[in-house]
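Participant: Build me a structure from this.
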Amino acid sequence: MSLLSRGKRPIDFYKRPSFPAPGTCESKHFYLRSVPFPTQKKLYPTSRGEIPTMPETIIISSSSQGSEKTLKPTATFTGEVYFDTLHMDETTAMANVTFTPCARTHWHTHPGGQFLKVVAGSGWICDKGSEPRRIKMGDLIWAPPGTTHWHGADDGSIMTHFVVGLGKTIWLDPVTDEEYAAKKD
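Facilitator: Numbering: from 1, shown residues only. As a prediction, the model looks like this:
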C-alpha cells in the first residue's frame, strides 16, 4: 500500500481546498498558507513525555515583533551580548544573539533542547564535562534536552547565532575564565 493512500483510494492533495491546482499562479505561493496534512506536525517531547502538536503553519514576521537589538544584562552572560528577540512565549524562544569577543553564556540547560545556527563569526560551545568545540559560520548545533552547556564568541571574533530554545532556560553558574581558556583548535 502506498504511503499516500488510505485504504484503496489514494489521497489527491491537489483536490483539497487548501492546495492550489498545479500550474496556477497561486501554486507558486502555497507555502505562505497553512497547509493541513493527514497528520499534525510534532514538536518536542515535554518533561512528562507528551508530544504537543501544532495544528497550522505559523509565520513570525520580523516587522510585527518590533524587535530591536538590545544589550542583554550580564546576569546570565559574561561580556557584551546583544539580543534581537524574534519570538518569546512560555514554550519557545527565538532570537538572533551577537556575542562580542570573549563574551559567552553562563552554564545553562533547556528542558526541550536548543538549536543554534551560527550566521556570522566564530565561537565555541562546550557541554559540561567535555572540551570546548569550535563553531563557525554555517554550523548548525543541537543541544539535547537537559544538556548543561555554554556557548560564546572566540577571543578575536564576534559571533552571531540564530537560536531556538525549547522550554524555559535554566541558568546556572558563570563560565570561569579557566573553563573558557580550555578551548583548543
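Participant: show me the residues around the residue nearest to Leu140 when sequence neighbours are not counted that make contact.
Facilitator: In space, and not counting its chain neighbours, Leu140 is closest to Lys117: 5.2 Å by CB to CB, 6 or more residues apart in numbering. Placement of C-beta: from N, CA and C, glycine included. Contact analysis of Lys117 by CB atoms under 8 Å, 6 or more residues apart in numbering lists 139-141, 161-163.
Participant: go on, Gly123?
Facilitator: Gly123 touches 99, 104, 134-136, 151-154, 157, 159, 161, counting by CB under 8 Å, 6+ apart.
Participant: Okay, and which of those residues map to strands?
Facilitator: Of the contacts of Gly123, the ones assigned to strands by DSSP state E are 99, 104, 134-136, 151-153, 159, 161.
Participant: Nearest to Ala93 among the residues you listed?
Facilitator: Minimum distance to Ala93 across those is 13.0 Å, recorded for His161 (CB to CB).
Participant: Go ahead and confirm that closest one touches Ser122.
Facilitator: No - using CB atoms under 8 Å, His161 is not in contact with Ser122, being 10.6 Å away.
Participant: neighbour-wise, which of the two wins?
Facilitator: His161 (26 against 17; other CB atoms under 10 Å).
Participant: The residue lying closest to Ala75 once chain neighbours are set aside: how many residues sit nearby?
Facilitator: Spatial nearest neighbour of Ala75, excluding adjacent residues (CB to CB, 6+ apart): Trp171 at 7.9 Å. Neighbour count of Trp171, defined by other CB under 10 Å: 14.
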